[in-house]
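1. Build me a structure from this.
(2 chains)
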Amino acid sequence: MTLTFSLETTNVELINNLFIYFLVVAAIIFFLVVFYIFYYLYKYNSEKRPDLPEQREGSVKVEIFLTSLATTITAVFVYLTISTMGKVQNIPENPEPFLQITGHQWWWEAKYPNSGVTTANQIHIPVGKKVLLQLNSADVIHSWWVPELGRKMDMIPGNTNYMWLYADKEGEYLGTCSEFCGQAHARMRIRVTAQNPKDFEAWQTQQLKPVATSENSNFIEGKRLFEQKTCTNCHAINGTPYQANIGPNLTHFASRKRFLADMKINNKENLKEWLEDPQKVKSGAHMPNFIFSKKELNALVTYIHNLK
Amino acid sequence: MSLYIKMPEENEPLPSLKRARGKLLWISSVDHKQLGIMYLWLALFFFIIGGLQAMIIRAQLSWPENHLVSPEMYSQIFTMHGTTMIFLVLMPALIGLGTYLIPLMIGANDMAFPRLNAFSFWMTCMGGVLLYFSFLAGGGPKAGWFNYPPLSEMNYTSTAGVDYYLVGLILTGIGSIGAALNFVTTVLCMRSPEMKLNMLPLFVWMMFVNAFLMLAAFPLLNSGLFLNLLDRQFDAHFFIPSSGGSALLWQHFFWAFGHPEVYILALPAFGIISEVIPVFSRRPIFGYKFVAASTVAIALLSYSVWAHHMFTVGLSNAVNSFFAISSMLIGIPTGLKVINWIGTMYKGSIRLTIPMFFAIAFLIDFTLGGLSGISFAIVPIDWQLTDTYYLVAHIHYVFLGGSLFGIFAGIYYWFPKISGRKLSKRLGKWHFWLFVIGFNLTFFLQHILGMIGMPRRIYTYPDLPYWKVLNLFSSIGAFFMFTGMAVFFWNIYTTLKKPRTVTSNPWNAWTLEWAVPSPPNLKNFVEIPPVHSRRPLWDLDHPDKPDKRLN
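-> Have a look, this model is predicted:
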């Protein structure tokens, strides 16, 4: 089930508005502080006023007035904070997520429980729908953040978090893992593709297709190598006995525009470079270097690149 | 008012490397002045190391896809940069100033527990040595300065760096607890008999309140560190979710220490500023009672704000609201202080000395850091901006614009007392302008970087719009700061070569440390001047219009 309702202000806009209120008030305070400092520095400089000034101890009235003023401003922002928080983070009692994201060192696993699609790194959402995200982690703490689509939420092993995601325009939205998660943290970027509902349905249908087959000899050789060289210990291919979940699910790998958590464009050259020496491409990555021969590389690339 | 004629004092110089047993005294001394100076040298030494790490970080981030350092090395460098600057630079610098000045400012001849004082110093020193020894033992810690498990657990970080981090910080923690005990006892028991608690100089008052913060905060940190050490070395599961532990538990331990720690590093700087601004405005502090009371308010509130570091971990809205309110409330006493400092300048006669320069930079940059801090108390804004460069900018505005500018003001202010020589004003101005301009260039831009989506702790970044130019200018600012620091070191070096010329009270200040020779003798006070108000030396200099008598 997908929750659908039209929104007057999106969560991101709510937060942006709040930030603007804050910025205006902060700027006024900051301006006043700076103004008075420089005004006093100028006016009460010892060169102008060499005489010993009057030794006064302060004014209780001023202190009480300014404290009350500060308290009033604070009260306003407490109200704004709590009301906005309730609007942005209102998770139903029994959340039914549209999309389950699991953070791994260093990639994103994405599952669509309604349709059964499982993919990695490539995250598609329909435009104009507020979708509920479920966030988990498979290893260390990660943090999901696509600034234009919603808040940031940590992915903590052992905990499950939820948040809303909403895109009002079609397009690609960039984000990033925001909690330091180890060596390749910088390479754990997010790309969300927001599509109109029709395209999104088409994408889902395509993702549900059985795994591709081919009579091409290279493809068959690649498939054999994929199984023999223990790739299947980490990577799942739907419709086969291989259902490991250490690395990304590769059933429709070739349909993704980018791979390695948005690091590289998904083409044969980049894939070959990656298979040849994973550490060289993405330092710290958990994929071992299998020291493939040229022939094996070609076969594997042909195989993986036909998994559309 | 009693008649007071100062007795001539014999000049007994402090231990010096050049004299007999001088070298030994650098190891064995229990004199608070000697230890205070040693704390300051320790802080300066680690500041060079931490500063060079910062330069590597900025060089690496100068442009996209830079490969100056490997990602693995980068993790170690930013972890050690944070750990070093907080535990081995700001802490020893502030504790050092306290150790040197508290007895002098309250008319005592030493701390309450001189040997504990030495023990605290050597613990801190040993902690620092162990932290850096990690580089010889297979690599430094690399899970960030707040060391979140499960990343900091054996499964994900198997090099010994994290173990050295844990043991090193346990030692510096013990050192800080010892120093805090000493501060509390010294202020309570060693004051001049005439000095009531409401007559304490504000620096002493703030160090006193601060000591209670340290006494409660560091045991929390140390217990957390011990638990993590048990996890790593003895296969316990405190923070390992896959075997029943909780990754969040560490965050509660760490931030229940970590947020008071922010104030532990800020309050002494507030104290320094509260001494410097009145002296150079030639007026008593505006609203002593409010400044003193707001310090207590900050200290108490600082224990109920820690979860604002955890607004994105998925706590409920109710919990978040509580911590949002307390975090915003803490802004009120802090803001009040800024107003009081500015109020002190009102109708004063302001002398623009280098300490005053830094105090003014403090006022402006700390206000900016404080205001950006409020934006993290506004939970939805925190949800967007936490763990980005906006946050990096904020902590640097608080720790540099706040604590470090305070320390600089304090060092320029008390350097004549400590060494008997004034630091050069000309070089001081160069230091000031290079550092302050560089600082604002580096860190102001980082606010914007955070807003456009740059997360912290990334060793490189894709070439997205504006990221390159903002990062490049940020790095250029770092270079200005670096040059400024070089000038500062040169200033210290050349000044220390000059003969001692400073009289006991070069700034016309009012607190008791200025009653003794510069530098003070081994025995601080032969005779304590009469203390009847918060400004005993003012009363002596102006017998016709003394401050209101408080005892």
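2. list the contacts for the residue in chain B positioned nearest to chain A?
-> Nearest residue of chain B to chain A, counting by Cβ to the nearest Cβ: residue B:241, 3.0 Å away. Every C-beta, even on glycine, is put in place using the N, C-alpha and C of the backbone. Contact analysis of residue B:241 by Cβ atoms under 8 Å, 6 or more residues apart in numbering or on different chains lists A:156, A:157, A:158, A:159, B:150, B:247.
3. burial measure for the second one, as a count.
-> Right, the one you point to is residue A:157. Other residues near residue A:157 number 22, with proximity taken as other Cβ atoms under 10 Å in any protein chain shown.
4. try the first one
-> Neighbourhood size, residue A:156 [other Cβ under 10 Å]: 27.
5. can you give me phi and psi for it?
-> Backbone torsions of residue A:156, given as degrees, to the nearest 10, read phi -120, psi 120.
6. Just confirm it contacts residue B:315, I think it does.
-> No. At 11.0 Å, residue A:156 does not count as touching residue B:315 under the criterion of Cβ atoms under 8 Å.
7. nearest to residue B:227, of the contacts of residue B:241?
-> residue B:247 (12.3 Å; Cβ to Cβ).
8. contacting residues for that closest one?
-> A:141, A:156, A:157, A:158, A:159, B:148, B:149, B:150, B:239, B:240, B:241.
9. any idea of the mean pLDDT for the host helix or strand of residue B:277?
-> In this assignment (DSSP states H and E), residue B:277 forms part of helix B:247-281. Mean pLDDT, computed over helix B:247-281, is 96.
10. what about the closest residue to residue B:374 other than its chain neighbours, distance to residue A:194?
-> Spatial nearest neighbour of residue B:374, chain neighbours left out: residue B:331 (5.3 Å); criterion: Cβ to Cβ, 6 or more residues apart in numbering or on different chains. According to Cβ to Cβ, to the nearest Å, residue B:331 and residue A:194 sit 38 Å apart.
11. Please identify which of these two sits among more neighbours.
-> Set residue B:331 next to residue A:194 and count neighbours by other Cβ under 10 Å: residue A:194 wins out with 24 against 20.
12. who does that one bridge with?
-> Beta-bridge pairing of residue A:194 under DSSP bridges involves residue A:125, residue A:171.
13. Contacts only, for it.
-> Per Cβ under 8 Å, 6+ apart, neighbours of residue A:194: A:124, A:125, A:126, A:127, A:149, A:167, A:169, A:170, A:171, A:172, A:173.
14. quick check, nearest of these to chain B?
-> Taking Cβ to the nearest Cβ as the measure, chain B sits nearest to residue A:173 out of those, at 10.2 Å.
15. check contacts around residue 254.
-> As the question left the chain open, I've gone with chain A. Contacts of residue A:254 (Cβ under 8 Å, 6+ apart): A:266, A:304, A:305, A:306, A:307, A:308.
16. You answered for a different chain; I wanted chain B.
-> B:146, B:147, B:148, B:221, B:224.
17. likewise residue B:391?
-> Neighbouring residues of residue B:391 by Cβ under 8 Å, 6+ apart: B:376, B:385, B:450, B:456.
18. Now render the residues you listed as TSV, adding pLDDT.
-> Shown next, in TSV, are the contacts of residue B:391 (pLDDT from 0 to 100):
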residue	pLDDT
B:376	95
B:385	95
B:450	95
B:456	95
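19. Next step: those restricted to helices.
-> If you go by DSSP state H, the contacts of residue B:391 have B:376, B:385, B:450 in helices.
20. how many neighbours does the last one have?
-> Spelled out, it's residue B:450. Neighbours of residue B:450 (other Cβ under 10 Å): 24.
21. ok, it touching residue B:396?
-> No. Taking contacts as Cβ under 8 Å, residue B:450 lies outside contact range of residue B:396: 11.8 Å.
22. hmm, back to that, as JSON lines, the contacts of residue A:194 with distance to residue B:408 would be great.
-> What follows is these, written out as JSON lines (distance: Cβ to Cβ, whole Å):
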{"residue": "A:124", "distance to residue B:408": "53"}
{"residue": "A:125", "distance to residue B:408": "51"}
{"residue": "A:126", "distance to residue B:408": "55"}
{"residue": "A:127", "distance to residue B:408": "53"}
{"residue": "A:149", "distance to residue B:408": "43"}
{"residue": "A:167", "distance to residue B:408": "48"}
{"residue": "A:169", "distance to residue B:408": "49"}
{"residue": "A:170", "distance to residue B:408": "53"}
{"residue": "A:171", "distance to residue B:408": "48"}
{"residue": "A:172", "distance to residue B:408": "47"}
{"residue": "A:173", "distance to residue B:408": "43"}
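23. Give me the buried subset of the residues you listed.
-> Among the contacts of residue A:194, those scoring as buried are A:124, A:125, A:126, A:127, A:149, A:167, A:173 (criterion: 16 or more other Cβ atoms under 10 Å in any protein chain shown).
24. list the contacts for the fifth one?
-> What it means is residue A:149. Residues near residue A:149 by Cβ under 8 Å, 6+ apart: A:12, A:165, A:166, A:167, A:173, A:175, A:192, A:194.
25. cool, and the first one?
-> Applying Cβ under 8 Å, 6+ apart to residue A:124 gives the contacts A:192, A:193, A:194, A:195, A:200, A:203, A:204.
26. any idea how far chain B is from the third one?
-> Distance, residue A:194 to chain B, by Cβ to the nearest Cβ, to the nearest Å: 17 Å.
27. Give me the nearest residue to the residue of the stretch 1-150 of chain A found nearest chain B, chain neighbours excluded.
-> Going by Cβ to the nearest Cβ, chain B is nearest to residue A:58 of the stretch 1-150 of chain A, at 3.6 Å. Spatial nearest neighbour of residue A:58, chain neighbours left out: residue B:287 (3.6 Å); criterion: Cβ to Cβ, 6+ apart.
28. sorry, back to before: out of the buried ones among the contacts of residue A:194, which is nearest to residue B:36?
-> The nearest member of these to residue B:36, counting by Cβ to Cβ, is residue A:149 at 53.2 Å.
29. how many neighbours does residue A:299 have?
-> With other Cβ under 10 Å as criterion, residue A:299 counts 23.
30. neighbours around residue B:349, how many?
-> Residue B:349: 19 surrounding residues under other Cβ under 10 Å.
31. per-residue pLDDT, it?
-> Reported pLDDT at residue B:349 in the predicted model: 94.
32. Check whether it really touches residue A:46, as I assumed.
-> Yes. Counting by Cβ under 8 Å, residue A:46 is a contact partner of residue B:349 at 4.4 Å.
33. Mind listing the shared neighbours of these two?
-> Listed as contacting both residue B:349 and residue A:46 by Cβ under 8 Å, 6+ apart are residue B:282.
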